[in-house]
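[1] coordinates only, sequence not included:
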């Protein structure tokens, strides 16, 4: 059976996460913007908070937590894959000519560390030929670090009918998605279960699509945000692929403002159980328009889809796809607090079972509103994890959930 998930709220069985590591310690006030990060967190406290997060998942739903760093180390035992990933990382710095030499001096574990935490010239200058490094400053990165790796939701999504691998909007983050894809396509736990829906092998330069824009409404319908990180062209290809696979019948393209606080669709709403949805009202009201992809016709082996422009608001579409819908909005919260909590992803909770969510403890007003609606809220510390401006859903990529 290929990997497939039919809901956002059924009890979590398996999830992929990354415990923040040395890549966070590479951040400084001077390079954080270059490395696409918002702040300079304290690593040890960040790790403690992340450990609480993973412990909360295990203790409250019994899910298996796979760590990206462990799986990466295991697939790097394959010489060819290790070469491909190191070469890709060096090409990003225009240093691909150093691939063979660097592989000759790094162990498998050191390669894994370099791919995640980066590697600086001074760390290998004595090991490599001086000719290859002559013009490089000691503090320059041969391989840049990936401080956003703990946001595993960005890199891929398991949906009804198969798996979507992200094409990141920012080229500096593409290595993250490529490493996740390499894990799923090569690790014995997953490689025989993959039914890839995007990007297809025929796509030479696929349009951008990130996992945080993908939300499963039900086993027949998926919503994808057309955001600052996901393109219309990618949504079209995903819609065509998923509809052709025969499970999904409707793909909603939700047009979001191209703003930082609407980066992905899961900053606008998340699904909590069979009927309840958490929204940030200002965001849901900012949805500009919605299109719907459905099957048009079959021509031989090819499925054609049609795109319909809907006049309905997102709220009405959610009501149709989620019978008995109850919307829990942060409009129940003082506006100033709502703005603060949205900045720290108040609407981005991680549902680990029907009516059971994990939320940042700093979003206390949103958490109170959730409890008033009967949602069980498990709070996790968040002083450092939240500095990357992503919530519990952003940090977790579900691999499987219980069936009905």
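    Cool, the structure landed. Since this is a predicted model, take the numbers as computed values, not measurements.

[2] pLDDT score for the nearest residue to residue 230 once chain neighbours are set aside?
    Closest residue to residue 230 apart from its sequence neighbours, by Cβ to Cβ, 6 or more residues apart in numbering: residue 213 at 4.3 Å. Where C-beta positions appear, they are placed from N, C-alpha and C, glycine not excepted. pLDDT for residue 213: 96.

[3] burial check on residue 213, number of neighbours?
    As a burial measure, residue 213 scores 31 neighbours (other Cβ atoms under 10 Å).

[4] OK, contacts around it?
    224-227, 229-230, 264-266 (Cβ atoms under 8 Å, 6 or more residues apart in numbering).

[5] among the residues you listed, which pair sits farthest apart?
    226 and 266 (13.9 Å; Cβ to Cβ).

[6] which of the helices or strands spans residue 47?
    Per DSSP states H and E, residue 47 falls inside helix 43-61.

[7] pull the residues that contact that helix.
    With contact meaning Cβ under 8 Å, 6+ apart, helix 43-61 is reached by 11-12, 15, 17, 19-22, 24-25, 63, 65, 150, 352-353, 356, 358, 378, 380-385, 387, 392, 395-396.

[8] roughly how far is stretch 226-246 from the heart of the chain?
    Centroid separation for stretch 226-246 versus its chain: 16 Å, with Cα atoms, centre = their mean, to the nearest Å.

[9] ok, stretch 197-210 next?
    16 Å.

[10] buried residues in that stretch, which are they?
    Using 16 or more other Cβ atoms under 10 Å as the test for burial, stretch 197-210 gives 197-199, 206-210.

[11] if we can go back for a sec, for the residue nearest to residue 230, phi and psi?
    phi -90, psi 0 (degrees, to the nearest 10).

[12] gap between the two ends of stretch 266-279?
    End-to-end distance for stretch 266-279: 9 Å, by Cα to Cα, to the nearest Å.

[13] please apply the same query to stretch 154-162.
    Terminal residues of stretch 154-162 are spaced 17 Å apart (Cα to Cα).

[14] quick check: the gap between the closest residue to residue 208 other than its chain neighbours and residue 143.
    With sequence-adjacent residues excluded and distances taken as Cβ to Cβ, 6+ apart, residue 208 is closest to residue 169, at 4.3 Å. To residue 143, residue 169 is 21 Å away according to Cβ to Cβ, to the nearest Å.

[15] neighbour-wise, which of these two wins?
    A count of neighbours by other Cβ under 10 Å puts residue 143 above the other of residue 169 and residue 143, at 25 against 19.

[16] mean pLDDT per helix and strand in the protein: which one sits at the bottom?
    helix 335-343 (a mean of 60; mean pLDDT, DSSP states H and E).

[17] let me see the mean pLDDT of the next helix or strand after that one.
    With elements assigned by DSSP H and E, the helix or strand that comes after helix 335-343 is strand 350-353. Strand 350-353 comes out with an average pLDDT of 98.

[18] quick one: contacts of strand 350-353?
    Outside strand 350-353, the residues that touch it by Cβ under 8 Å, 6+ apart are 8-12, 57, 60-61, 63, 270-273, 357-359, 391-393, 395-396.

[19] inside helices: which ones of those?
    Secondary structure from DSSP state H places 57, 60-61 of the contacts of strand 350-353 in helices.

[20] contact partners for residue 37?
    For residue 37, counting by Cβ under 8 Å, 6+ apart, the contacting residues are 27, 147-148, 388.

[21] change it to 10 Å
    By Cβ atoms under 10 Å, 6 or more residues apart in numbering, the residues touching residue 37 are 23-24, 26-27, 31, 145, 147-148, 387-389.

[22] again, but for residue 264
    With contact taken as Cβ under 10 Å, 6+ apart, residue 264 is in contact with 151, 153-154, 210-215, 225, 227-230, 256, 345, 348, 390, 393-394.
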